[in-house]
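K.L.:
sequence first, predicted model second:
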Amino acid sequence: SHFSMDPAPLTQKRILITAGPTKEKIDPVRYMTNHSSGKMGYALAEEAAKMGAEVILISGTDSLETPIGVALVKVESAEEMYNEVMRFFPDVDIVIKSAAVADYRPISFSEKKLKKKEGNLVIELERTKDILSELGVSKKQQFLVGFAAETNNIEHYAMDKLQRKNADMIVANDITAQGAGFKSDTNIVTIFHKDKTKKQLPLLSKRDTAREILQEIVLKMGDEKQ
Ligand code: CTP
Ligand code: CA
């Protein structure tokens with residue numbers, strides 16, 4: 001298509017990208033988190049900026065360097081991420097939710113350090129808000145992209161998330177595949193679209209995977225305008 005000829009196809013587009021894990025505090029010394037490195041989200045932010053976009057990166061990690069030309073907003077908990085995403089959402093054209101958001105958080109935060117006792121410890125958890133689902137409900141002009149990290153039944157779960165969350169596109173990865181882990185610099189993803197088409201990408205660097213994802217977004221946003 002003619003889009004691949006354009007070196008900066010995201011010029012005049014504002015993109016919101018979330019990246020990394022969230023941290024849910026238990027007490028002043030402990031928290032719950034996950035294995036997300038944030039590398040995929042940072043690669044998306046860097047490549048989107050190179051393609052001309054104005055990029056806002058809402059990040060749960062501080063172990064990666066902020067890409068040039070990207071506005072960083074640092075968050076910790078799922079609730080903080082929710083609040084920041086909602087603040088920027090009305091004014092963006094594209095949202096890519098690559099963050100690994102906690103599904104549960106402790107029902108309460110203990111101001112005092114929990115002391116160990118005999119027997120087992122039970123920490124009660126409550127659901128966090130599903131940010132992507134809420135965006136799906138209130139979206140207007142925004143093109144909405146979710147991720148799906150799966151260990152099995154990839155296509156089934158990815159299509160389910162696409163429909164349930166009212167996203168325009170889901171990027172699914174099999175986190176058990178060789179070269180596709182959280183800490184890895186490579187990824188193997190399949191892109192699922194609302195129109196039921198899919199595009200399977202080979203093993204690529206996260207940078208090249210990011211470029212392919214962004215090209216697919218440009219293509220589909222172009223289609224929607226026709
Ligand atoms: N997501 C979100 N807010 C949450 C949980 C997930 O916005 N509280 C987003 C993720 O950023 C991702 C997509 O939803 O883009 C799918 O996340 P995933 O964890 O794969 O799916 P869940 O719906 O949480 O279902 P499950 O973890 O049970 O597979
Ligand atoms: Ca989840």
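P.N.:
Received, thanks. Ligands and ions are numbered 1, 2, ... in the order given.
K.L.:
quick one: strands adjacent to the helix or strand I96 falls within?
P.N.:
Assigned by DSSP states H and E, I96 belongs to strand 94-97. Sheet partners assigned to strand 94-97 using DSSP bridges are listed as strand 14-19 (parallel), strand 143-150 (parallel).
K.L.:
out of those strands, which is the most enclosed?
P.N.:
strand 14-19 (a mean of 26; mean count of other CB atoms under 10 Å). Backbone N, C-alpha and C define where each C-beta goes, glycine included.
K.L.:
contact partners of it?
P.N.:
Under the criterion CB atoms under 8 Å, 6 or more residues apart in numbering, residues 36, 38, 40-42, 44-45, 48, 53-61, 81, 85, 88-89, 91-99, 101, 131 lie in contact with strand 14-19.
K.L.:
for that strand, give the mean pLDDT please.
P.N.:
In this model, strand 14-19 carries a mean pLDDT of 98.
K.L.:
neighbours around K116, how many?
P.N.:
Close neighbours of K116, defined as other CB atoms under 10 Å, add up to 6.
K.L.:
ah, wrong one, I meant E126
P.N.:
Count around E126 with other CB under 10 Å applied: 9.
K.L.:
burial measure for M169, as a count.
P.N.:
Neighbour count for M169, taken as other CB under 10 Å: 23.
K.L.:
ok, it - contacts?
P.N.:
Neighbouring residues of M169 by CB under 8 Å, 6+ apart: 143-146, 162, 191-194, 216-217, 220.
K.L.:
tell me, which of these make contact with ligand 1?
P.N.:
Restricting these to those touching ligand 1 (CB under 6 Å from any ligand atom) yields G146.
K.L.:
spatially, what comes nearest to the residue most central in space within the chain if we skip its sequence neighbours?
P.N.:
Central residue check for the chain by CA atoms, centre = their mean: the C-alpha nearest the mean position is that of S98, 1.3 Å away. Leaving aside its chain neighbours, S98 sits nearest to G41 (3.9 Å; criterion: CB to CB, 6 or more residues apart in numbering).
K.L.:
model confidence for that neighbour, exactly?
P.N.:
Looking at G41, its pLDDT stands at 98.
K.L.:
and the strand or helix carrying it, what's buried?
P.N.:
Take DSSP H and E as the rule and G41 turns out to sit in helix 39-50. Neighbour counts over helix 39-50 (16 or more other CB atoms under 10 Å) mark 39-50 as buried.
K.L.:
how about the residues of the chain by ligand 1?
P.N.:
Counting by CB under 6 Å from any ligand atom, the residues of the chain near ligand 1 are 78, 97, 99, 101, 103, 128, 130-132, 146-149, 161.
K.L.:
quick one on the thing from earlier: from the contacts of strand 14-19, list the buried ones, please.
P.N.:
Neighbour-count burial (16+ other CB under 10 Å) applied to the contacts of strand 14-19 gives 36, 38, 40-42, 44-45, 48, 53-61, 81, 85, 89, 92-99, 101, 131.
K.L.:
point out where the chain drops to low pLDDT.
P.N.:
Along the chain, the model assigns pLDDT under 70 to residues 1-5.
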